[in-house]
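Chemist: When you get a sec, could you give me coordinates for this:
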Amino acid sequence: MGDDAFQALLKKHDTTMAISTCYPLGPFGRDEEMAWVKKNGGNMTVCATKSMGEKDPSGAEARRQVRAFFEKLQPHLEVAREHGVMMAFENHGNAMLHHPDSLRYFAELNPDPGHIGIAFAPHHLQSFGDEAVAPLIRELGNEHIPFIYFQEYGIGSKETVAKEIELEQLPGRGTLDYVPIVKALKDIEFTGVAEIFMHPTPRGVPMLPTAGEITREVNRSRAYIDDCLAKANA
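Modeler: Numbering: from 1, shown residues only. Reported below is the predicted structural model:
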């Protein structure tokens, strides 16, 4: 398409670019992407981290890996600073940033929270218990969470199942209670981006056949989040 055509579409539909997610580039391969994001009016990139040893580290090994990760990230941090772009990293299975310990050390050792943060993914924390999500949000604080996924774990992200089961990844569709989550976000005075999100199977297809159906489904989840916020404020 090219940048000119892309920017023309943004203008036509009265919207702007905010975030680019391109996981295949990895955490150390996004210098050109950051420049492209800035050129097109965005301010954030999202991808996963890379294991600096054993996968899913905890305890002292998590601290060692986080420190090594930040050392290797340093030249790319300079690029992020140059372009005024936030590099957000998702806590994800089979990566450095997965166990709650690694998220805590990430925040403790973060050399520049203005340009490095966590793309906070509750669905990858549910293996440690649903009750682990809200306290960890409070521990990390607004400074270290520029982005949060509103998604819960569902088998439909990996296997072909009935559409109603696949949609259980969305807020209000599954069993995850978002009241404690949005209460925690309120308590830390969250100013980042929240994304209603799910993975269709197979990857790369729309979650529903038409834009109208997708809009209605997203708005259904938005209404559920609004209800949770009202309960959190009560």
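Chemist: give me every residue that touches the residue most central in space within the chain.
Modeler: Geometric centre of the chain, nearest residue: residue 119, 3.3 Å, by C-alpha atoms, centre = their mean. Applying C-beta atoms under 8 Å, 6 or more residues apart in numbering, we find residue 119 in contact with 46, 88, 89, 90, 91, 146, 147, 148, 149. The way it works is simple: take the backbone N, C-alpha and C, and place the C-beta from them, glycine included.
Chemist: would it count as being in a helix?
Modeler: No: counting by DSSP: H, G, I helix; E, B strand; the rest coil, residue 119 is not part of a helix but strand.
Chemist: Distance check, it against residue 216.
Modeler: Distance, residue 119 to residue 216, by C-beta to C-beta, to the nearest Å: 26 Å.
Chemist: Against residue 103, how distant is the residue nearest to the centre of the chain?
Modeler: Residue 119 is 11 Å from residue 103, by C-beta to C-beta.
Chemist: any residues in contact with both of the two?
Modeler: Taking C-beta under 8 Å, 6+ apart as the contact rule, residue 119 and residue 103 both touch residue 91.
Chemist: Including neighbour count, secondary structure and pLDDT, could the contacts of residue 119 go into JSON lines?
Modeler: Shown next, in JSON lines, are the contacts of residue 119 (neighbours: other C-beta atoms under 10 Å; DSSP: H, G, I helix; E, B strand; the rest coil; pLDDT from 0 to 100):
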{"residue": "46", "neighbour count": "22", "secondary structure": "strand", "pLDDT": "97"}
{"residue": "88", "neighbour count": "24", "secondary structure": "strand", "pLDDT": "98"}
{"residue": "89", "neighbour count": "25", "secondary structure": "strand", "pLDDT": "98"}
{"residue": "90", "neighbour count": "20", "secondary structure": "strand", "pLDDT": "98"}
{"residue": "91", "neighbour count": "25", "secondary structure": "coil", "pLDDT": "97"}
{"residue": "146", "neighbour count": "25", "secondary structure": "coil", "pLDDT": "98"}
{"residue": "147", "neighbour count": "22", "secondary structure": "strand", "pLDDT": "98"}
{"residue": "148", "neighbour count": "23", "secondary structure": "strand", "pLDDT": "98"}
{"residue": "149", "neighbour count": "21", "secondary structure": "strand", "pLDDT": "98"}
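Chemist: what's the closest of these to residue 211?
Modeler: residue 149 (21.3 Å; C-beta to C-beta).
Chemist: for the top helix by length along the chain, packing partners?
Modeler: Criterion DSSP state H: the longest helix present in the chain is helix 59-83. The contact analysis (3 or more C-beta pairs under 8 Å, 6 or more residues apart in numbering; DSSP states H and E) places helix 59-83 against helix 31-39, strand 86-90, helix 100-109, strand 116-120.
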